[in-house]
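**Student:** Task: produce atomic coordinates for the following.
(chains A and B)
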There are 2 protein chains.
Amino acid sequence: MQSVHTMSAYDEELKYLSKRIAAMGGHAERMVEQAVAALVNADPGLAQKVIRDDAVLDEGQREIDDKAIIIIAKRQPMATDLREIVGAIRISADLERVGDLGKNVAKRVVAVTDGRQPTSLFRGLEALANLALTQLKEVLDVYASRSVEKIGFVRDRDDQIDAMYTSLFRELLTYMMEDPRNITPCTHLLFCAKNIERIGDHATNIAETIYYIVTGEQLPAERPKGDKTDKIGLSETLPVK
Amino acid sequence: MQSVHTMSAYDEELKYLSKRIAAMGGHAERMVEQAVAALVNADPGLAQKVIRDDAVLDEGQREIDDKAIIIIAKRQPMATDLREIVGAIRISADLERVGDLGKNVAKRVVAVTDGRQPTSLFRGLEALANLALTQLKEVLDVYASRSVEKIGFVRDRDDQIDAMYTSLFRELLTYMMEDPRNITPCTHLLFCAKNIERIGDHATNIAETIYYIVTGEQLPAERPKGDKTDKIGLSETLPVK
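**Tutor:** Numbers count the residues shown, from 1 in each chain, chains lettered A, B, ... in the order given. Predicted coordinates:
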């Protein structure tokens, strides 16, 4: 009886980690959604809420770290269980960073919406954020179901995000060249876009961690992550005329 | 004898982690130094070297993670030893990110130096990088000596870095407004400056982790980290005339 009781308490501990991760994931999604909404609607009150909400993810990561270390030391888990716990540590770190990136978007709301920007400036950012949020949701669904056979979509989505970010980067540079009054708000929007592109990278990291948890292996054929805008030089973006 | 032998093997394991962290720290410093040098001297070959060098830090972090988890499961360490191991996991994650940020600077070298920029554009970035590198070196020295009584300097340095970053941000916006040809290179320089400012944040994280390793407590009176440029709005940066 004693050993059954112990096993079940152990299972509870592992389940608790999964539940906390799922809750952090939902919280991170909402933060990003609301940060972009605050930007598009020039809503500094909502932005302030997002900034405050970030503490929940910091606390979540700290708690998962502490719990995970205690479980490892107490249970000496092997194979799948150990991967499950190490995976929880990694995923919570990625989600905490997603929250930071959402918060950083929220912090720029006042600076971007200082002066009345045409809404077309925000449309590209909104589309990019929707794509990144869809990816994050899909990845969190895979975490909940552990159905890694569906994980192929993640890299395609990441390619889409990179392509959309690159085109948004060019677009914002063009606005800046057209009118010096666009330079400051567009600079902040560039940082916002970069933040959202990086949320896609974290979603991809999470997908890789889930694959590792379930299979014990690395996702095959890893490819370099990240945007390609660092190649955009002066000669490419100067208006041709 | 057996127990003495076991203790000593355990000590060796802990010492190994410390040595690997110190090596990663030195490597990260060099990457950042060389990335900035590649930028200032328009040296794409050196930039390529920095980009390649990043794999060493990725590998270092993976190795420290794996080793740390094995030690925790095998030794069930308590108190100081457990903090030492958890601290190694955290510090290696920060150093891996410093490497990523250095690599990102290196990746922008070609785009920034496309067209001949006046060297004054780089001077501010170089000064910022020197400050961040000094901070990183000091923090790694504290890690080597565990003399946390010296750790007060870290936040002062971080304040200096934030202030210098904010003034560089304004300066780069001004260049962009003066001449549209400056927009693309200065945008990349803004991202480079942001990367370097974040290296300062990681150095501060590392200092906080060292304090936690040595004392078991959080550094008192934590203050929000990060830059203040997100407050710089249109009305503040438009040239007054």
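**Student:** Residue A:193 contacts residue A:168, doesn't it?
**Tutor:** Yes: proximity of residue A:193 to residue A:168 meets the contact threshold set by CB atoms under 8 Å, at 5.2 Å. Yep, even glycine has a C-beta here, placed from its N, CA and C like the rest.
**Student:** Please enumerate the shared neighbours of the two.
**Tutor:** Between them, residue A:193 and residue A:168 share the neighbouring residues A:124-125, A:128, with contact defined by CB atoms under 8 Å, 6 or more residues apart in numbering or on different chains.
**Student:** quick one: contacts of stretch A:59-71?
**Tutor:** Counting by CB under 8 Å, 6+ apart, A:10, A:13-14, A:16-17, A:20-21, A:23-24, A:27, A:77, A:85-86, A:88-89, A:92-93, A:95-96, B:72, B:82, B:86 sit against stretch A:59-71.
**Student:** Oh, that last question was meant for stretch A:156-170, not what I typed.
**Tutor:** In this structure, residues lying in contact with stretch A:156-170 by CB under 8 Å, 6+ apart are A:124-125, A:127-128, A:131-132, A:134-135, A:138, A:190, A:193-194, A:196-197, A:200-201, A:203-204, A:225-229, A:232, A:237.
**Student:** which one is residue A:58 nearest to, not counting chain neighbours?
**Tutor:** residue A:96 (6.3 Å; CB to CB, 6 or more residues apart in numbering or on different chains).
**Student:** count of residues packed around the one you found?
**Tutor:** Burial of residue A:96 is recorded as 22 neighbouring residues (other CB atoms under 10 Å in any protein chain shown).
**Student:** Touching, it and residue A:55? I think so.
**Tutor:** No: the pair residue A:96 / residue A:55 is not scored as a contact, 10.8 Å apart, by CB under 8 Å.
**Student:** picking that back up, so the residue nearest to residue A:58 is in which element?
**Tutor:** Under the criterion of DSSP states H and E, residue A:96 resides in helix A:79-107.
**Student:** Could I have the buried ones of the contacts of stretch A:59-71 as PyMOL selection syntax?
**Tutor:** In PyMOL, this line selects whichever of these come out buried by 16 or more other CB atoms under 10 Å in any protein chain shown:
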select buried, (chain A and resi 13+14+17+20+21+24+27+77+85+86+88+89+92+93+95+96) or (chain B and resi 72+82+86)
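**Student:** Would you mark the buried spots in stretch A:69-79?
**Tutor:** Using 16+ other CB under 10 Å as the test for burial, stretch A:69-79 gives A:69, A:71-73, A:75, A:77.
**Student:** no no, stretch A:180-188
**Tutor:** Counting neighbours by 16+ other CB under 10 Å, one finds that the buried residues in stretch A:180-188 are A:180-188.
**Student:** circling back to that earlier point, quick check, nearest of the buried residues of stretch A:69-79 to residue B:35?
**Tutor:** In terms of CB to CB, no member of these lies closer to residue B:35 than residue A:69, at 34.1 Å.
**Student:** Does residue A:218 fall in a helix, a strand, or a coil region?
**Tutor:** For residue A:218, the assignment made with DSSP: H, G, I helix; E, B strand; the rest coil gives coil.
**Student:** hmm, back to that, among the contacts of stretch A:156-170, name the buried ones.
**Tutor:** Neighbour-count burial (16+ other CB under 10 Å) is assigned, among these, to A:124-125, A:128, A:131-132, A:134-135, A:138, A:190, A:193-194, A:196-197, A:200-201, A:203-204, A:225-227, A:229, A:232, A:237.
**Student:** Which ones among those residues lie within helices?
**Tutor:** Counted as lying in helices by DSSP state H, out of those, are A:124-125, A:128, A:131-132, A:134-135, A:138, A:190, A:193-194, A:196-197, A:200-201, A:203-204, A:237.
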